[in-house]
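Chemist: Okay, sequence plus prediction incoming.
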Amino acid sequence: QVQLVESGGGLVQAGGSLRLSCAASGSISAFNYMRWYRQGPGKQRELVATITTAGSTYYVDSVKGRFTISRDNAKNTVFLQMNSLKSEDTAVYYCNAYQHWPGLNYWGQGTQVTVSS
């Protein structure tokens, strides 16, 4: 069992930046994907960014060029650097760890990001 704890959320003005962290209680090196999701008010949970064990990254179109996902396996931590924030980025951001075998899927409790216009 791995626990994920997000931090770094808060209130920021449009155009500002935040850096989210996801600290794992155990090693993250074996997880195929480390991901950030978000759920805005009245919206479904949305996949925002993915980083693989090889370091490949993927982003939803709406954040490309503004958000950067990274991982530090030595510190068992995943980051999401968010720049040029917009009001539509307001959401609870969740960290997720997924491993194909043996089918492990862990979630953090979420951290609130609020962008004021």
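Modeler: On my side now, so go ahead.

Chemist: what comes into contact with stretch 37-57?
Modeler: Defining contact as Cβ atoms under 8 Å, 6 or more residues apart in numbering, one finds that stretch 37-57 is touched by 29-36, 58-60, 63, 67-71, 78, 80, 88-94, 96, 110, 113. Every C-beta, even on glycine, is put in place using the N, C-alpha and C of the backbone.

Chemist: Now list the buried members of those residues.
Modeler: 31, 33-36, 59, 63, 67-69, 71, 78, 80, 89-94, 96, 110, 113 (16 or more other Cβ atoms under 10 Å).

Chemist: which residues of this protein fall in strands?
Modeler: Ranges of strands within the chain are 4-7, 10-13, 18-24, 33-39, 46-52, 57-59, 67-72, 77-82, 91-99, 104-107, 111-116, based on DSSP state E.

Chemist: possible to save the ones you listed as JSON lines with mean pLDDT?
Modeler: Listed next are the strands of the chain as JSON lines, based on pLDDT from 0 to 100:
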{"stretch": "strand 4-7", "mean pLDDT": "98"}
{"stretch": "strand 10-13", "mean pLDDT": "98"}
{"stretch": "strand 18-24", "mean pLDDT": "98"}
{"stretch": "strand 33-39", "mean pLDDT": "98"}
{"stretch": "strand 46-52", "mean pLDDT": "98"}
{"stretch": "strand 57-59", "mean pLDDT": "98"}
{"stretch": "strand 67-72", "mean pLDDT": "97"}
{"stretch": "strand 77-82", "mean pLDDT": "98"}
{"stretch": "strand 91-99", "mean pLDDT": "97"}
{"stretch": "strand 104-107", "mean pLDDT": "96"}
{"stretch": "strand 111-116", "mean pLDDT": "98"}
